[in-house]
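1. Have a look; sequence and predicted model below, questions after that.
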Amino acid sequence: GAGVSQSPSNKVTEKGKDVELRCDPISGHTALYWYRQSLGQGLEFLIYFQGNSAPDKSGLPSDRFSAERTGGSVSTLTIQRTQQEDSAVYLCASSPRTEREAFFGQGTRLTVV
Amino acid sequence: GNSVTQMEGPVTLSEEAFLTINCTYTATGYPSLFWYVQYPGEGLQLLLKATKADDKGSNKGFEATYRKETTSFHLEKGSVQVSDSAVYFCALKGRGGSEKLVFGKGTKLTVNP
């Protein structure tokens, strides 16, 4: 079956522009996560959606970052007024609401020039 | 909140050496525990998991046992190969309340021939 799909796979943007990153989770998965991975670094948690509950936004680094999940499925991560330090790979994952593991997409590599 | 503490690398071994990567956790209740692996240039994928105390997860010659008494989930392999060179992440997923997936900082393993 289809896995977690992220688009675009690569994005180059100019400093100060807004970007939108998309995540299509596995059908039926109620949990959706966004992480950020900078070059050679670990995984930085950004935001977590679980069903119809209020999202856990505790990892968003600034108010320039926001995310939404429409209809309990597709999610969009928006970064406004991008800065060079936003350059990273943005990873999306989804999982069922059980003790099951999360499945990761291939990520979106964002480069801010 | 829940957290994972993982042995920091980098770790460099010769082929056929024994591998241990330590992982301990702090969590309320009984989380599920995971090891993820990221091979060079690839996405994150599940290596093994354990969902309750004393469970042993195993895959590709790697093993980890869920030890509630020591809150640990150490990764072991008896004889590493060059192809095992990757970054390994320990993670936990809580139950009830927040089921956020929490990661350790990752351990980079290099295996030399």
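-> Perfect, thanks for sending it. Just so we're clear, the structure is a prediction, and the values are computed from it rather than from any experiment.
2. How about the lowest-mean-pLDDT helix or strand in chain B and chain A, touching?
-> Least confident helix or strand of chain B, by mean pLDDT, DSSP states H and E, is strand B:101-103 with a mean of 91. Yes: Strand B:101-103 is in contact with chain A by CB under 8 Å from any CB of the partner chain, via B:101-103. For the C-beta atoms, the positions are set from N, CA and C on the backbone; glycine is no exception.
3. Please apply the same query to stretch B:31-42.
-> Yes: against chain A, stretch B:31-42 shows contacts by CB under 8 Å from any CB at B:32, B:34, B:36.
4. residues contacting the last one?
-> With CB atoms under 8 Å, 6 or more residues apart in numbering or on different chains as the criterion, the residues that contact B:Tyr36 are A:104, B:44-47, B:88-89, B:91, B:103.
5. ok, the residues you listed vs A:Ser62, which is closest?
-> When the contacts of B:Tyr36 are compared for distance to A:Ser62 (CB to CB), B:Phe103 wins out at 21.1 Å.
6. quick one: the closest one from A:Gly59, how far?
-> B:Phe103 sits 11 Å away from A:Gly59 when distances are taken as CB to CB, to the nearest Å.
7. any common contacting residues for these two?
-> Counting by CB under 8 Å, 6+ apart, the common neighbours of B:Phe103 and A:Gly59 are A:Phe45.
8. So which of these two has more stuff around it?
-> Neighbour tally, B:Phe103 and A:Gly59, criterion other CB atoms under 10 Å in any protein chain shown: the higher count belongs to B:Phe103, 20 against 16.
9. Could you give me the buried positions within stretch B:7-17?
-> B:7, B:11, B:13 (16 or more other CB atoms under 10 Å in any protein chain shown).
10. Count residues in the vicinity of the closest residue to the first one other than its chain neighbours, would you?
-> Pointing back at B:Met7 there. Once flanking residues are discounted, B:Met7 sits nearest to B:Asn22: 4.1 Å by CB to CB, 6 or more residues apart in numbering or on different chains. By the criterion of other CB under 10 Å, B:Asn22 has 16 neighbours.
11. B:Asn22 contacts B:His74, doesn't it?
-> Yes: using CB atoms under 8 Å, B:Asn22 is in contact with B:His74, at 5.2 Å.
12. OK, contacts around A:Glu99?
-> For A:Glu99, the contact set (CB under 8 Å, 6+ apart) comprises B:32, B:51, B:93, B:95.
13. One more pass at 6 Å, please.
-> Counting by CB atoms under 6 Å, 6 or more residues apart in numbering or on different chains, A:Glu99 touches B:32, B:51.
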